[in-house]
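>>> Here you go, sequence then predicted model.
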Amino acid sequence: MLPWKPLRRTSWKRIARALSVLALTAAATLAPGAAAQADTAPSRGWNDFTCKPSAAHPRPVVLVHGTFGNSVDNWLGLAPYLVDRGYCVFSLDYGQLPNVPFFHGLGPVDKSAGQLAAYVDRVLAATGAAEADLVGHSQGGMMPRHYLKFLGGAAKVNALVGIAPDNHGTTLNGLTQLLPYFPGAEDLLTTATPGLADQIAGSAFLTKLNEGGDTVPGVRYTVIATKYDEVVTPYQSGWLSGPNVSNVLLQDRCALDFSEHVAVGTVDRIVFHEVANALDPAHATPTTCASVFD
């Protein structure tokens, strides 16, 4: 047995946060009531299946939410931003668990990628476009890579933009290393919320996803990360290697931007500007701290 040592206050905070995540997982799994679809909520101009892409923006944009997110709440900032700039914008719900409303992205990631594949087909059929662009936050920036690599998505996708994606997994600042010390916690994650277990660094899912290289031919990849990310840790685990890859650290664009994991995908207009650049690199303009006013 290891000798006992007093834990610092920060250590207790980390343990408390880990237990909070596990408690939320259990509560979500056991929550009563029928599942609700977030896409029944107002969408402020996106998810319009009558939208036809313009010559300036010939590809529809599909937004892919993160873990515990949904097709509306994750995109109340970015979706209208892109719609206002002339894009046809769509978003889906994926990774739903039975009897768990609103909080999605918890099912097995490979199954979620299958849901994305079906949704992209629906968007392409409605818009008449040959390809789509994907923009995802957190798991939503990583999960599409399974679609691209294993489900034929590379033929239907021009670009993937990941905002704080966990492409090589996360340790949650080392919190995942605590799981063996809480009997049953790892089993709970795997059986009740496999989408969480799949995102732990070293998981079988991520090992398979990253074997043989991070990228596939024919797709442009952009990763936008923040050094203040407290969920994807270390933040560099989001970086991709390979041709047609651009890895962007937000603080290299604006050193005064202290946005963390949630903010970069939901409210940060400097990130939104960088996303717009990635979607239309031929007309990109410099991203700076002033981009918050764009």
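Yep, it's here.
>>> When you work out contacts or count neighbours from here on, use the C-alpha atoms and nothing else.
Noted.
>>> is it true that Asp133 lies in a strand?
Yes: judged by DSSP: H, G, I helix; E, B strand; the rest coil, Asp133 forms part of a strand.
>>> is it true that it touches Val64?
No: the pair Asp133 / Val64 is not scored as a contact, 10.7 Å apart, by Cα atoms under 8 Å.
>>> These two: which is more packed in?
Neighbours were tallied for Asp133 and for Val64 using other Cα atoms under 10 Å; the higher tally belongs to Val64 (30 against 22).
>>> Can you list phi and psi of the more buried one for me?
Torsion angles at Val64 (phi, psi; degrees, to the nearest 10) stand at phi -120, psi 110.
>>> Enumerate every residue touching it.
Applying Cα atoms under 8 Å, 6 or more residues apart in numbering, we find Val64 in contact with 71, 91-93, 134-137, 140-141.
>>> State the distance from it to Asp110.
14 Å (Cα to Cα, to the nearest Å).
>>> Val271 touches Val264, doesn't it?
Yes: between Val271 and Val264 there is a contact under Cα under 8 Å: 6.3 Å.
>>> out of those two, which sits in the busier spot?
Comparing Val271 with Val264 by other Cα under 10 Å, the one with more neighbours is Val271, at 28 against 25.
>>> Let's verify the more buried one: helix, strand, or coil?
Strictly by three-state DSSP, Val271 counts as helix.
>>> Report the separation between it and Val292.
Between Val271 and Val292 the computed distance is 9 Å (Cα to Cα).
>>> cool, and Gly218?
With Cα to Cα as the criterion, Gly218 and Val292 are 32 Å apart.
>>> what's the answer for Tyr228, then?
When distance is defined by Cα to Cα, Tyr228 is 18 Å away from Val292.
>>> Kindly report the same for His168.
Applying Cα to Cα to His168 and Val292 gives a distance of 29 Å.
>>> the more surrounded of those two?
Neighbour count, other Cα under 10 Å: between His168 and Val292, His168 has more, with 25 against 15.
>>> Sticking with the more buried one, tell me its helix or strand.
Per DSSP states H and E: His168 is located in neither a helix nor a strand.
>>> if I pick the residue nearest to it when sequence neighbours are not counted, what's in contact with it?
Using Cα to Cα, 6 or more residues apart in numbering and skipping residues adjacent in sequence, the residue nearest His168 is Ser237, 5.1 Å away. Taking Cα under 8 Å, 6+ apart, we find Ser237 in contact with 166-170.
>>> Check Ser237 and give its pLDDT.
Per-residue pLDDT puts Ser237 at 97.
>>> A helix includes it, no?
Yes: per three-state DSSP, Ser237 lies within a helix segment.
>>> residue ranges of the helices in the chain, please?
Listed in chain order, the helices of the chain (DSSP state H) span residues 9-30, 78-83, 109-127, 139-142, 144-150, 185-192, 194-197, 204-210, 250-253, 261-266, 269-279.
>>> ranking those by burial, who's on top?
helix 139-142 (a mean of 29; mean count of other Cα atoms under 10 Å).
>>> which stretches of the protein have low pLDDT?
When residues are selected by pLDDT under 70, those of the chain lie in 1-44.
>>> Please work out which residues outside stretch 46-56 touch it.
59-60, 79-80, 83, 86-91, 123, 126-129.
>>> measure that stretch end to end?
End-to-end distance for stretch 46-56: 18 Å, by Cα to Cα.
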